[in-house]
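Q: Provide a 3D model corresponding to the input given below.
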Amino acid sequence: MDAIRTALENARAALLAERNEAGYWEGELSTSALSTATALIALGEVDQVAHDDEIVSACQWLIENQNDDWGWGDTVKSFSNISTTLLCWSALSKYGGEKSANAVRNASHWIRDYVGSLEPALIAETVKARYGKDRTFSVPILMLCAICGTLGKNGWCHVLRLPYELSVFPRSWFAAMRLPVVSYALPALIAIGRATQVQRKKIGFFWNRASKLLVEIQPTSGGFLEAAPLTSFVTMALVAAGEKSHPVAKNGVRFLLETVRPDGSWPIDTNLATWATTLSVKALPEVPRQGSDAILDWLLDQQYTEVHPFTNSSPGGWAWTDLAGGVPDADDTPSALLALAKLQSPGRFEEIRAAAESAIVWLLDLQNRDGGIPTFCRGWGALPFDRSSPDLTAHVLRAWHEWEPEMPEAISSRIGEGKEKAIAYLKTQQRSDGSWVPLWFGNQYRFKDEENPTYGTAMVVRALDDIRLPDLADSGVCWLLGKSKCSRRLGVRSG
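A: Here you go, the predicted model:
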């Protein structure tokens, strides 16, 4: 026990030492081959001469960080995958020059082994099959390949059309219209939809209105979701649509130039400051009095108090970052609520409770009809990244339970109903072996499906334990412990 206490104290000290000068946690995301490939292409398509230094550095980084099997993964520690390898292969094919000849040749061997050949139609079918009905990823990847010429002379015929015209309809209609992309991919729907239309020389309607909407939803930083890939896809699509001077493309370039790292690479996102801060606060047994007010002030400032222009989300939620490209979501919002419960400050309870009430209502309004919680928008259940998920539902359950006693009677009653529906949803999502599979945070070591039932089950078990439903959690605990230890653990509990 002495060793455990020492380890905990050391971990606590290390965590507190990671705070930035403003008193909260920011962290740093992994550099990404996916981000780097898309960013260099976007810059090259806008102006290869003006951005030559960034393009050369990015190509060199990709060459130096090619995996031993000749593919690329999402990060330098990730296994090779077909999506990122296609992006890097295409980027180096067009912009890498002679220095990248070996990397391109080796990557083509990896792709041939995975796909079966380098035939454009077969590559396109492989990408489409990987993502199914969801075009959020498949269409941008194939568009990039078409731009770089790796899908042959008629590459654009393999890029599925995205109906950007639908974006001009009222946002409240989107769920019913069953868009072919997830809710956070609206900028890609507009820009890539227009690009495919222009490249195929089809007559288009509503572009002026869609173009204005694209300007309206671009954050002041220029980065959609603060993410290099989405921003890059939108930028290169606008160039392909003959809109190189479009204000969104110009701001996209500004974002990419401001977020490139000294070694010529880009991270997948600028930062996860809100997520890192709430995780840190929740992890600490208690937050030191000195500095806690600074964390509280900062966290309260991150709550959205207006309708979000991107997802049309009501006020009350939190995003993963403190930067302009963030979007309120159902993982960071309950995390912030749980952190606020630990950051109570003398004389500020009503201020904190008011923020919590707004967030609780935001989450109640987000709950799907199936009782589960989606990431961004209610009712967008047709595609994988918009469906209800056990991990988010469990996180929200914990937050509801924590704040329920402090809420007005009407909201407390809604929480009770919401909890019942959420618990019923979790029962339907539990697998026969006792586990739950999350939406977020996969596991690359599970080669067949890349699912992470350890994370999903742990999140649900924690929530069920918090709300005092241990019997429902038992089979999940058994799965986590392994069958050999299960009977002993349950025997201790029943005793």
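
Q: for this structure, which helix is longest?
A: Here the longest helix in the chain is taken by residue count, with DSSP state H as the criterion, and it is helix 409-429.

Q: which element follows that one toward the C-terminus?
A: Reading on from helix 409-429 to the C-terminus, the next helix or strand found by DSSP states H and E is helix 453-466.

Q: thinking again about what came up before, what lies in contact with the longest helix of the chain?
A: Contacts made with helix 409-429 from outside it, assessed by C-beta atoms under 8 Å, 6 or more residues apart in numbering, are listed as 357, 360-361, 363-364, 367, 370-373, 388, 390, 393-394, 396-397, 400-401, 403-405, 407, 436-437, 460, 464, 467, 469, 472. Placement of C-beta: from N, CA and C, glycine included.

Q: and residue 203, how many neighbours does it have?
A: By the measure other C-beta atoms under 10 Å, the count of residues near residue 203 is 5.

Q: surely it is in a strand?
A: No - residue assignment for residue 203, taken from DSSP: H, G, I helix; E, B strand; the rest coil, gives coil, which places it outside any strand.

Q: quick one: pLDDT of it?
A: Reading off the per-residue confidence, residue 203 sits at a pLDDT of 79.

Q: residue ranges with poor pLDDT in the chain?
A: Across the chain, the ranges flagged by pLDDT under 70 are 171-184, 380-385, 483-495.

Q: all strands of it, in order?
A: Per DSSP state E, the chain carries strands over the ranges 31-32, 266-267.

Q: of these, which stretch is the most buried?
A: Neighbour counts averaged per stretch over these are highest for strand 266-267, at a mean of 25; criterion: mean count of other C-beta atoms under 10 Å.

Q: any idea how the protein splits into domains?
A: Using automatic domain parsing, the domains assigned to the chain come out as 31-267, 273-429.

Q: circling back: could you dump the strands of the chain to TSV with distance to residue 320?
A: Formatted as TSV, the strands of the chain follow (distance: least, C-beta to C-beta, whole Å):
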stretch	distance to residue 320
strand 31-32	16
strand 266-267	13
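
Q: out of the ones you listed, flag the one nearest residue 333.
A: Closest approach to residue 333 among those (C-beta to C-beta): strand 266-267, 23.3 Å.

Q: name the strands paired with that closest one and say parallel or antiparallel.
A: Based on DSSP bridges, the strands next to strand 266-267 in the sheet, each with its direction, are strand 31-32 (antiparallel).

Q: show me what the partner strand is in contact with.
A: Taking C-beta under 8 Å, 6+ apart as the criterion, the residues outside strand 31-32 that touch it are 61, 74-76, 228-229, 261, 263, 265-268.

Q: cool, stretch 338-348 as well?
A: 277-278, 281-282, 284, 286-287, 292-293, 295-296, 299-300, 352, 355-356, 398-399, 402-403.

Q: please indicate which of those residues are buried?
A: Buried members of the contacts of stretch 338-348, scored by 16 or more other C-beta atoms under 10 Å, are 277-278, 281, 284, 287, 292, 295-296, 299-300, 352, 355-356, 398-399, 402-403.

Q: with just CA atoms, put the longest helix of the chain into CSV.
A: Extracted as CSV, the C-alpha positions of helix 409-429 are listed here (Å, rounded to 0.1, in the frame of the first residue of the first chain):
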residue,chain,number,x,y,z
GLU,A,409,-38.3,19.6,-9.8
ALA,A,410,-39.3,19.8,-13.5
ILE,A,411,-35.8,19.1,-14.7
SER,A,412,-35.2,16.4,-12.0
SER,A,413,-38.3,14.7,-13.3
ARG,A,414,-37.0,14.8,-16.9
ILE,A,415,-33.7,13.4,-15.7
GLY,A,416,-35.5,10.4,-14.1
GLU,A,417,-37.3,9.7,-17.4
GLY,A,418,-34.1,10.1,-19.3
LYS,A,419,-32.2,7.8,-17.1
GLU,A,420,-34.8,5.1,-17.5
LYS,A,421,-34.7,5.3,-21.2
ALA,A,422,-30.8,5.3,-21.2
ILE,A,423,-30.7,2.2,-19.0
ALA,A,424,-33.1,0.4,-21.2
TYR,A,425,-31.0,1.4,-24.2
LEU,A,426,-27.8,0.0,-22.5
LYS,A,427,-29.6,-3.3,-21.9
THR,A,428,-30.3,-3.6,-25.6
GLN,A,429,-26.7,-2.8,-26.5
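
Q: next up, the contacts around residue 144.
A: If you count contacts by C-beta under 8 Å, 6+ apart, residue 144 has them with 37-38, 41, 86-87, 90-91, 233, 236.

Q: identify the farthest-apart pair in those residues.
A: Within the contacts of residue 144, two members stand farthest from each other by C-beta to C-beta: 86 and 236, at 14.7 Å.

Q: so where do the helices sit in the stretch 251-400 of the chain?
A: Secondary structure of the stretch 251-400 of the chain, counting by DSSP state H, counting those that start in this stretch: helices at 273-283, 289-301, 332-342, 349-366, 390-403.

Q: tabulate the ones you listed (CSV), appending distance to residue 140.
A: CSV is the format used below for the helices of the stretch 251-400 of the chain (distance: least, C-beta to C-beta, whole Å):
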stretch, distance to residue 140
helix 273-283, 24
helix 289-301, 33
helix 332-342, 25
helix 349-366, 27
helix 390-403, 25
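
Q: nearest to residue 308, of the ones you listed?
A: Counting by C-beta to C-beta, residue 308 lies closest to helix 349-366 out of the helices of the stretch 251-400 of the chain; the figure is 10.8 Å.

Q: sorry, back to before: nearest to residue 331, of the contacts of residue 144?
A: Minimum distance to residue 331 across the contacts of residue 144 is 23.5 Å, recorded for residue 233 (C-beta to C-beta).

Q: from residue 423, how far out is that closest one?
A: Between residue 233 and residue 423 the distance, using C-beta to C-beta, to the nearest Å, works out to 39 Å.

Q: neighbour count for these two, which is higher?
A: Under the neighbour definition other C-beta under 10 Å, residue 233 and residue 423 were set side by side, and residue 233 has more, 28 against 17.

Q: does that one touch residue 190 like I think?
A: No - counting by C-beta atoms under 8 Å, residue 233 stays clear of residue 190, with 11.2 Å between them.

Q: check contacts around the residue lying closest to residue 477 once chain neighbours are set aside.
A: Taking C-beta to C-beta, 6 or more residues apart in numbering, and ignoring the residues beside it in sequence, residue 477 has residue 461 as its nearest neighbour in space, at 5.7 Å. When contacts are counted by C-beta under 8 Å, 6+ apart, residue 461 is found next to 473, 476-477, 480.

Q: tell me the contacts of the residue nearest the centre of the chain?
A: For the chain, the residue lying nearest the average C-alpha position, counting by C-alpha atoms, centre = their mean, turns out to be residue 440 (7.9 Å). Listed by C-beta under 8 Å, 6+ apart, the contact partners of residue 440 are 331, 375, 389, 391-392.

Q: give me the buried entries from those residues.
A: Members of those classed as buried by 16+ other C-beta under 10 Å are 331, 375, 389, 391-392.
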